[in-house]
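[1] Sequence and predicted structure are below.
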Amino acid sequence: ATTYAVDAGLQLVEVVGLPLRIGTMIAHAGPRFQIRNEAQADPLPTRLRVSVAYEVLGHFVALDGFDLHVTAEVEDRWLDPGSPAFYLGAEFGAGLEEALLLVRAGYVMGNGKQLDGAAVGVGIGFDRFDVGIAKSLTANIVGETEPVHVTLGLVL
């Protein structure tokens, strides 16, 4: 069985002079997943996501190297829209010399057959590299807890 998927997005930073970021992306776009033949091939779970993030800490205190972003996102299926998921979250960042420490928390609502619920995470950025660890605080549809998610990133 073979296929491939592509994620692509666009992000605007400092929109109209405000500490505001607006982004959109398409995730998991690609040809149908095929094991035997075209008749039984399944489409990939392609999603469209739109988000906004606003830096709020600067309105209360001016601390170099520290920020607090509040984020809202909506995500829906590309091929069969109509059951969107809504995400609310916050990310606190502390810049330490060449490194960045991030603490994240969020909540998802209306995520199809999955359960609504909260998640937490931490991340470290050093130079052009990012490492993140996240954990959902809810059970999945079969009653088991979600795994811990580890992400690695390279900022270009």
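    Thanks, I have the structure now. Numbers count the residues shown, from 1 in each chain.

[2] Quick check: which ranges of the protein have low pLDDT?
    1, 37-39, 111-115, 139-143 (pLDDT under 70).

[3] run the last query once more with 80
    Scanning the chain for pLDDT under 80 picks out the ranges 1-3, 33-41, 96-98, 111-115, 138-146, 155-156.

[4] And the helices in it?
    For the chain, no helices are identified by DSSP state H.

[5] quick one, strands of it?
    Along the chain, counting by DSSP state E, strands occupy 6-13, 20-29, 47-55, 66-77, 85-96, 99-109, 117-126, 129-136, 148-154.

[6] List the buried residues in the second one.
    By 16 or more other CB atoms under 10 Å, the buried positions in strand 20-29 come out as 21, 23, 25, 27, 29. Every residue, glycine included, has its C-beta placed from N, CA and C.

[7] Pipe those into a markdown table and attach distance to residue 136 per row.
    What follows is the buried residues of strand 20-29, written out as a markdown table (distance: CB to CB, whole Å):
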| residue | distance to residue 136 |
| --- | --- |
| 21 | 24 |
| 23 | 22 |
| 25 | 21 |
| 27 | 18 |
| 29 | 25 |
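
[8] which of those lies closest to residue 42?
    Taking CB to CB as the measure, residue 29 is the one of the buried residues of strand 20-29 closest to residue 42, at 14.4 Å.

[9] Relative to residue 56, how far out is the closest one?
    Note on residue 29: its distance to residue 56, by CB to CB, to the nearest Å, is 33 Å.

[10] who's in contact with the nearest residue to residue 66 once chain neighbours are set aside?
    Nearest residue to residue 66, sequence neighbours excluded (CB to CB, 6 or more residues apart in numbering): residue 94, at 5.5 Å. Contact analysis of residue 94 by CB atoms under 8 Å, 6 or more residues apart in numbering lists 65-66, 100-102.

[11] and of those residues, the nearest to residue 132?
    So of the contacts of residue 94, ranked by how close each gets to residue 132 (CB to CB), first place is residue 102, at 7.5 Å.

[12] Residue 75 against residue 49, yeah?
    Yes: between residue 75 and residue 49 there is a contact at 4.3 Å, judged by CB atoms under 8 Å.

[13] hmm, back to that, for the strands of the chain, give me JSON lines that also has distance to residue 41.
    Output for those, formatted as JSON lines (distance: least, CB to CB, whole Å):
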{"stretch": "strand 6-13", "distance to residue 41": "17"}
{"stretch": "strand 20-29", "distance to residue 41": "15"}
{"stretch": "strand 47-55", "distance to residue 41": "19"}
{"stretch": "strand 66-77", "distance to residue 41": "17"}
{"stretch": "strand 85-96", "distance to residue 41": "25"}
{"stretch": "strand 99-109", "distance to residue 41": "29"}
{"stretch": "strand 117-126", "distance to residue 41": "32"}
{"stretch": "strand 129-136", "distance to residue 41": "30"}
{"stretch": "strand 148-154", "distance to residue 41": "28"}
